[in-house]
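Student: A predicted structure for the sequence below; I have some questions about it.
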Amino acid sequence: MTEQALREEMVTLARSMFERGYATGGAGNLSLKLPDGNFLTTPTGSSFGRLVAERLSVVDIDGNHLSGDRPSKEIAFHLAIYRNSPDCNAIVHLHSTYLTALSCLEGLDSDNAIKPFTPYYVMRVGQLPVIPYLRPGDPQIATELANRAADYRAFLLANHGPVITGTDLRDAVDNAEELEETAKLALMLDGKAIRYLTDAEVSDLEGRGK
Ligand SMILES: O=C(O)[C@H](O)C(=O)COP(=O)(O)O
Ligand SMILES: [Zn+2]
């Protein structure tokens, strides 16, 4: 896709998420890899419902601001993931209701906050490691994500919200929506006897197409 088409896709997908309640106010941020190797990101403080294609931020791999409005304060963690995850070409960070609620619970398994109980969670996301609470914009978030980026497709920032990757922005958005719905199910089923997928059932699903 051309840069202009990617800009328009980011605006369209962001507005769709906003209109369906996956993003509110100025929370969250998006990024994607451009054909020239630089990165397109949402400007800091921007609303997913009001992005303007021409004003989106462009940065290089070192985080230098090349054009557009001032980039997200979280651009460092986006770039840390790109550096360490060759398959990642787009990233979605949200404060979506159910994943943010989950991120606020005591006693989460830091290796995987959601044990698999549906096939699509396994096929699209797999595991959800938890990053300890850090102030939004703290550079340590980038270090924590860099250390895990090669092994996971999504991450849960404690008391904050999810970070989800994809092979392109549509894939990252679809993964984010699947993960948010899985968190909603997990909270709805809390206290009930869930039949989790067995290790064999999970292995059978891993590596299969979505
Ligand atoms: O993650 C953050 O820093 C904020 O919580 C957020 O999601 C929006 O920050 P941005 O600078 O507007 O991208
Ligand atoms: Zn945030």
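Tutor: Happy to help now that I have it. Numbering: from 1, shown residues only. Ligands and ions are numbered 1, 2, ... in the order given.
Student: going forward, measure contacts and count neighbours with C-alpha atoms only.
Tutor: Will do.
Student: in the protein, which spans are helices?
Tutor: 3-19, 75-84, 97-103, 119-124, 139-148, 169-188, 199-205 (DSSP state H).
Student: Does ligand 1 have contacts with stretch 39-55?
Tutor: Yes. Remark: stretch 39-55 sits within contact range of ligand 1 at 44-46, by C-alpha under 6 Å from any ligand atom.
Student: How about stretch 95-103?
Tutor: No. Stretch 95-103 does not reach ligand 1 (C-alpha under 6 Å from any ligand atom); its nearest approach is 6.6 Å.
Student: if we can go back for a sec, output the helices of the chain in CSV, with mean pLDDT appended to each entry.
Tutor: Shown next, in CSV, are these (pLDDT from 0 to 100):
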stretch, mean pLDDT
helix 3-19, 98
helix 75-84, 98
helix 97-103, 98
helix 119-124, 96
helix 139-148, 97
helix 169-188, 98
helix 199-205, 97
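Student: Include distance to Pro132 and mean neighbour count when you put the ones you listed into JSON lines, please.
Tutor: Formatted as JSON lines, those follow (distance: least, C-alpha to C-alpha, whole Å; neighbours: other C-alpha atoms under 10 Å):
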{"stretch": "helix 3-19", "distance to Pro132": "26", "mean neighbour count": "17"}
{"stretch": "helix 75-84", "distance to Pro132": "14", "mean neighbour count": "22"}
{"stretch": "helix 97-103", "distance to Pro132": "10", "mean neighbour count": "22"}
{"stretch": "helix 119-124", "distance to Pro132": "22", "mean neighbour count": "20"}
{"stretch": "helix 139-148", "distance to Pro132": "9", "mean neighbour count": "18"}
{"stretch": "helix 169-188", "distance to Pro132": "18", "mean neighbour count": "19"}
{"stretch": "helix 199-205", "distance to Pro132": "27", "mean neighbour count": "13"}
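Student: now the residues of stretch 39-55 next to ligand 1 as JSON lines including pLDDT and distance to Ser110?
Tutor: Output for those, formatted as JSON lines (pLDDT from 0 to 100; distance: C-alpha to C-alpha, whole Å):
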{"residue": "Thr44", "pLDDT": "98", "distance to Ser110": "29"}
{"residue": "Gly45", "pLDDT": "97", "distance to Ser110": "29"}
{"residue": "Ser46", "pLDDT": "98", "distance to Ser110": "30"}
